[in-house]
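Undergrad: fold the stuff below for me.
(chains A and B)
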There are 2 protein chains.
Amino acid sequence: MSECLGRASIRFEQPVYIIESASVVGKKEGEGPLGLLFDLAGEDDMFGCETWEEAESSLQKQAVGLVLEKAGVSAEKINLMFAGDLLGQSIATSFGLASYGIPLMGVYGACSTCGESLALGAMTIAGNYAKNVICVTSSHFASAEKEFRFPLDYGNQRPLSATWTVTGSGAFLLSGNLNNGCYLSYSTHMSENEKSKMSKKPRAKISGITVGKITDYGMKDSMNMGACMAPASASTLERHFIDFKSQPNDYDKIITGDLGSVGQKILIDLLKEKGYDISDQHMDCGIEIFDANSQDTHSGGSGCGCSAVTLSAYILKQLEEQNWKKVLFMPTGALLSKTSFNEGKSVPGIAHALVLESCQAGA
Amino acid sequence: MSECLGRASIRFEQPVYIIESASVVGKKEGEGPLGLLFDLAGEDDMFGCETWEEAESSLQKQAVGLVLEKAGVSAEKINLMFAGDLLGQSIATSFGLASYGIPLMGVYGACSTCGESLALGAMTIAGNYAKNVICVTSSHFASAEKEFRFPLDYGNQRPLSATWTVTGSGAFLLSGNLNNGCYLSYSTHMSENEKSKMSKKPRAKISGITVGKITDYGMKDSMNMGACMAPASASTLERHFIDFKSQPNDYDKIITGDLGSVGQKILIDLLKEKGYDISDQHMDCGIEIFDANSQDTHSGGSGCGCSAVTLSAYILKQLEEQNWKKVLFMPTGALLSKTSFNEGKSVPGIAHALVLESCQAGA
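TA: Numbering: from 1, shown residues only, chains lettered A, B, ... in the order given. Next comes the predicted model:
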């Protein structure tokens, strides 16, 4: 039985393992500081497709294909997928994942979607509702610019506060106790090869979540999304520390999704006002994924894909290698559309936090 | 402990009650056959707002406000919301619900979103992850036409296969055992007024779900969404009957969201091929909500709001009054965007099913 802490924080008593993960990225991401860690980097950002949207769909399709291959399981053995992206009506997901025939629940939390999908996946596993769940999210620089700002051909200038949407998709296979789930045919029908791969050490475990709320400080600048999202991440973090009775130094890292260098400063300042100093632990996927000096990405990377591929390629590796024992992973989302922006609305934020632990540490 | 049946079907052993619900609709819906049953019908479809999108946001805000008022609980006592709509980046939800300050998980399943949000809400309650959950979805005729087809001012003609997007929002308050949840402050801090309202008979209970998968028969006509969605609803229904070892006549009604009269025929034919005759039990919210002869709505109503307000105002009333004991409620979604449509893509469908039971019958 899992334990509810406070309003929307949950500690999972049953193990929720990230069995395997996969990351697929574009050319620029492949050339960045984490480039060699990704499973697959495209030669260009079209991935052999005819439109940017199809290219983004193919990212999700490849990421799911890779995670299944790496884990040695077939799509038929996945009970459920939680998936989403940034495009209107989540079409990267709809057209990317249909061919797998896996029951799907679509989620939307802007760039926090990776956190939301993993939180729901963990709830599903810990609740014994499913044996195997896949969580997948994506973003694509060109489809996002078209969706939210200007067509690339327009060649607009980008202010230094702007972030660069990551072209990438991360997929995660979650499971609990492999021999004691509800979908018994998995264990009895598995081939020896599948069993051996499934019995290897999982990449990490998810031991808790804090679900975020929409936080709106009235910012209206879609070229400064770090500032729009920082208040939401401060709100979720504060509630997390209170609900879990934890402190910043209980974590080796406190990792936000895509605040970038502008949002990072605001988050650290906002939390200092609330009595928490996270400056030693804070890390932002958007800052890690690009070299701001040589890659002209300004404030950093962003998009659903940013936190997803950084989690798969870099964060889980650190947990596997015991360099970190316990981290707080909190993707951050800016809730805007081109319609809301053009109608003069603000850009509210939302952020969902997950406690990730190294598997040697406790399980 | 809940029981998994098959791949993505769950039978809830712990009670999941729909404690209360609320429906807010537009003028045309208020004039339709179910008009007198809705909690609130607007005098026009702007609801005092300046844009169609703001009007849709205000629908969600009012529906949540009403369900809290009817149940006699305050927003602070809701652990979590599952919410979504049809607009790009779900802006009706983001701008409609922010002021409540309730932790939020955004969902997207096109017009199946009401079913998805209730399924996730039920999993959350049955898993003891939360004591009180609100599920809310909306659609608006004018914002949907702008988002998916033509601006209203263009005055395009609509083929007879087209459906009419319902202007409306339905909100549902889910809870389990009110005195034995994880969020104990609810029971200890409740006023007497709140306790008396919370102890009244719930409207219905959710006893099971079957999660749907994306189903694509290659249909490309955004003016015939019933045909696009019928194969997905047939797929989910067939899996539901197999997983729950049930037959059509185990249900008083089998209710789809918005197939309309064209989609209804296809669904019944597809299921006959699979050996199930649902012609006696089938009902479609889209067909019920408008009078096709006098309201010029062609194939019927559609949109997230269609199934949500029909569930709140009509279906739950029948279950409360014991006219029906057990129904299968299955909102249906067409997964398209204007971008995917303009790029020549097909319109895949998805449908999620919930077993709803009258509370006298078993709890």
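Undergrad: for the stretch 101-250 of chain A, which residues are neighbours of chain B?
TA: A:101-110, A:116, A:119-120, A:123-124, A:126-131, A:147, A:181-183, A:211-216 (CB under 8 Å from any CB of the partner chain). Heads up, the C-betas are built off the backbone N, CA and C, glycines and all.
Undergrad: filter the residues you listed to the buried ones?
TA: Neighbour-count burial (16 or more other CB atoms under 10 Å in any protein chain shown) is assigned, among those, to A:102-110, A:116, A:119-120, A:123-124, A:126-131, A:147, A:181-183, A:211-216.
Undergrad: what about these, which are in strands?
TA: Assigned to strands by DSSP state E, the following of those qualify: A:Leu104, A:Met105, A:Gly106.
Undergrad: hmm, the last one is touching A:Ala83, no?
TA: Yes - with contacts counted by CB atoms under 8 Å, A:Gly106 reaches A:Ala83, the gap being 6.4 Å.
Undergrad: any common contacting residues for these two?
TA: Residues touching both A:Gly106 and A:Ala83 comprise A:Ser90, A:Thr93, with contact defined as CB atoms under 8 Å, 6 or more residues apart in numbering or on different chains.
Undergrad: so which strand or helix has A:Val262?
TA: helix A:260-273 (DSSP states H and E).
Undergrad: which other helices and strands contact that helix?
TA: With contacts defined as 3 or more CB pairs under 8 Å, 6 or more residues apart in numbering or on different chains; DSSP states H and E, helix A:260-273 has these neighbours: helix A:225-243, strand A:253-256, strand A:282-284, helix A:285-289.
Undergrad: what's it in contact with?
TA: A:161, A:163, A:224-227, A:229-231, A:233-234, A:237-238, A:256, A:259, A:277-279, A:282, A:284, A:286-287, A:292, A:298-302, A:332.
Undergrad: pLDDT averaged over stretch A:59-69, what's the number?
TA: Averaging pLDDT along stretch A:59-69 yields 98.
Undergrad: repeat that for stretch A:342-361.
TA: Stretch A:342-361 comes out at a mean pLDDT of 92.
Undergrad: then it to PDB, C-alphas only?
TA: The C-alpha trace of stretch A:342-361 is given here as PDB (Å, rounded to 0.1, in the frame of the first residue of the first chain):
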ATOM      1  CA  ASN A 342      -1.900  36.100 -29.400                       C
ATOM      2  CA  GLU A 343      -4.900  36.900 -27.200                       C
ATOM      3  CA  GLY A 344      -2.600  38.500 -24.600                       C
ATOM      4  CA  LYS A 345      -2.800  35.900 -22.000                       C
ATOM      5  CA  SER A 346       0.000  35.100 -19.500                       C
ATOM      6  CA  VAL A 347       2.100  32.000 -19.500                       C
ATOM      7  CA  PRO A 348       1.300  30.000 -16.400                       C
ATOM      8  CA  GLY A 349       3.700  27.200 -15.300                       C
ATOM      9  CA  ILE A 350       3.400  23.700 -13.800                       C
ATOM     10  CA  ALA A 351       6.000  21.200 -12.500                       C
ATOM     11  CA  HIS A 352       5.800  17.700 -11.300                       C
ATOM     12  CA  ALA A 353       8.500  16.100  -9.100                       C
ATOM     13  CA  LEU A 354       9.700  12.500  -8.800                       C
ATOM     14  CA  VAL A 355      12.100  11.000  -6.200                       C
ATOM     15  CA  LEU A 356      14.500   8.700  -8.100                       C
ATOM     16  CA  GLU A 357      16.800   6.400  -6.200                       C
ATOM     17  CA  SER A 358      19.700   4.300  -7.100                       C
ATOM     18  CA  CYS A 359      18.700   0.600  -7.000                       C
ATOM     19  CA  GLN A 360      21.700  -0.500  -4.900                       C
ATOM     20  CA  ALA A 361      20.800   1.900  -2.200                       C
END
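Undergrad: my hunch is that A:Thr137 is in a strand, does that hold up?
TA: Yes - applying DSSP: H, G, I helix; E, B strand; the rest coil, one finds A:Thr137 inside a strand.
Undergrad: can you tell me how far it is from A:Asn249?
TA: Note on A:Thr137: its distance to A:Asn249, by CB to CB, to the nearest Å, is 30 Å.
Undergrad: any idea how chain A splits into domains?
TA: A:17-198, A:206-362 (automatic domain parsing).
Undergrad: out of the helices and strands packed on helix A:260-273, deepest packed?
TA: helix A:285-289 (a mean of 28; mean count of other CB atoms under 10 Å in any protein chain shown).
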